[in-house]
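> Using only what follows, build the 3D model:
(one chain, ligands or ions: 1)
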Amino acid sequence: MPSTLDDFEVMATIGTGSYGTCKKIRRKKDGKVMVWKEMEYGSMTESEKQMLVSEVNLLRELRHQHIVRYYDRIIDRTQAIIYIIMEYCQGGDLASIISRNRKEGTHVSEDFAWKILIQATLALKECHRRKNGKAVLHRDLKPANVFLDAEANVKLGDFGLARVLHHEHSLAQTYVGTPYYMSPELVNNQSYNEKSDIWSLGCMLYELCALAPPFTATNEGELKRKIRIGQFPRLPTQYSLELDMIIRRMIQVECLPPRALELLEKCSCENSYVTTE
Ligand SMILES: CN(C)CCCNS(=O)(=O)c1cccc(Nc2nc(OCC3CCCCC3)c3[nH]cnc3n2)c1
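Now for the predicted structure:
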């Protein structure tokens, strides 16, 4: 029996992203707390709607302890809105942690940084594991898309939605924001691939620790130049050389960054945080 909007009650609006609004909801039949993301599709062309359908179908296939679980979708054809129903992450997002640390002049611990690194890399490994020849790329890895559950375990969110967003009519096209995590492939107008996700993950982990992205600039041209050069400061000295080195491996221009699997092999000799899969 497909879900309908009446099966849920809205508890609160969590926020609005580049694709629409995210609301905290409760399923009436059992009280389970979830979220739904509302996306208007009225201005999409047929091919863009097809892309949306295929991205949502890909979300349905992603089942992993460190990826936000997709539960269902409801299509309201009268309002041309699709509601994507997903797992609620009680711990919020990393963007909120970074902005709080910036304000208070504090830093996440080394243990926390390793935990996020390993769990997010496990999530990417799962997505990049080719399923019938088609890897699922995130395409928009950033602190606002990395959530935490009640035990501060990573839940990677909003997979694939970025591709839907960058259709020519979407609001996201007018979405402002400097692309600090732009990978060398994108700087050189090459196609986005798994290693672009790893590059963005490295930039995100760097910002989690240093409270600033590795590459900053006042305009896109300067940012692209800095990314091509690929030099950035070491993490704050409270963080180990090992952590700095592994993040540096992910943000490498000359030789492409490692794949998720290579990273995890490297982590397993560094730390005992690697969760058993
Ligand atoms: C824009 N900011 C001020 C955000 C304020 C809100 N803080 S926060 O740190 O995201 C926060 C606070 C408490 C709970 C949750 N849980 C949560 N949030 C999601 O998306 C948030 C949404 C992402 C796009 C932009 C708008 C917000 C989820 N997606 C799938 N499961 C989700 N669980 C998040």
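> contacts and neighbour counts: CA atoms only from here.
Fine.
> Burial check on the residue of the stretch 101-250 of the chain found nearest the ligand, number of neighbours?
The minimum distance from the stretch 101-250 of the chain to the ligand, using C-alpha to the nearest ligand atom, falls at residue 157 (5.8 Å). With neighbours defined by other C-alpha atoms under 10 Å, the count for residue 157 comes to 26.
> and it, backbone torsions?
When read as degrees, to the nearest 10, the backbone of residue 157 gives phi -120, psi 170.
> Pretty sure it sits against residue 67.
Yes - Residue 157 is within contact range of residue 67, at 6.3 Å (criterion: C-alpha atoms under 8 Å).
> ok, the residue of the stretch 101-250 of the chain closest to the ligand - contacts?
67, 68, 145, 146, 147 (C-alpha atoms under 8 Å, 6 or more residues apart in numbering).
> Now name the helix or strand holding the last one.
In this assignment (DSSP states H and E), residue 147 forms part of strand 146-148.
> So what's the model's average confidence on stretch 146-158?
Averaging pLDDT along stretch 146-158 yields 96.
> One more: stretch 4-11?
If you average the pLDDT values across stretch 4-11, you get 98.
> If we go by neighbour counts, what in it is buried?
Using 16 or more other C-alpha atoms under 10 Å as the test for burial, stretch 4-11 gives residue 8.
> Likewise for stretch 138-154?
Buried, per 16+ other C-alpha under 10 Å, within stretch 138-154: 138-149, 152-154.
> can you check stretch 69-89 too?
69-70, 72-75, 81-89.
> Contacting the ligand as well, which ones from the buried residues of stretch 138-154?
When those are checked against the ligand using C-alpha under 6 Å from any ligand atom, none falls in range.
> Show me the two of the residues you listed that sit farthest apart.
139 and 152 (23.3 Å; C-alpha to C-alpha).
> how close does the closest residue to residue 124 other than its chain neighbours sit to residue 120?
Nearest non-adjacent residue to residue 124, counting by C-alpha to C-alpha, 6 or more residues apart in numbering: residue 260, 6.5 Å away. According to C-alpha to C-alpha, to the nearest Å, residue 260 stands 9 Å off from residue 120.
> repeat for residue 141
10 Å.
> Need the residues touching each of these two.
What both residue 141 and residue 120 touch, as defined by C-alpha under 8 Å, 6+ apart, is the set residue 201.
> Do a quick rundown of the strands in this protein.
Using DSSP state E, the strands of the chain run over 8-17, 20-27, 33-40, 70-76, 81-87, 146-148, 154-156.
> quick one: stretch 53-73 to chain centroid distance?
Remark: stretch 53-73 is offset 13 Å from the chain centroid, using C-alpha atoms, centre = their mean, to the nearest Å.
> Restrict it to CA atoms and write it as CSV.
Extracted in CSV, the C-alpha atoms of stretch 53-73 (Å, rounded to 0.1, in the frame of the first residue of the first chain):
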residue,chain,number,x,y,z
VAL,A,53,13.0,9.3,-11.1
SER,A,54,16.3,7.5,-11.8
GLU,A,55,18.1,9.3,-9.0
VAL,A,56,15.3,8.5,-6.5
ASN,A,57,15.4,4.9,-7.7
LEU,A,58,19.2,4.9,-7.1
LEU,A,59,18.6,6.3,-3.6
ARG,A,60,16.2,3.3,-2.9
GLU,A,61,19.1,0.9,-3.7
LEU,A,62,21.6,2.5,-1.2
ARG,A,63,21.4,0.5,2.0
HIS,A,64,24.3,1.1,4.3
GLN,A,65,24.9,2.0,8.0
HIS,A,66,26.6,5.2,7.1
ILE,A,67,24.2,6.4,4.3
VAL,A,68,20.9,8.1,5.1
ARG,A,69,18.2,5.5,4.5
TYR,A,70,15.6,6.2,1.8
TYR,A,71,12.2,4.9,2.8
ASP,A,72,9.6,6.1,0.3
ARG,A,73,8.4,8.8,-1.9
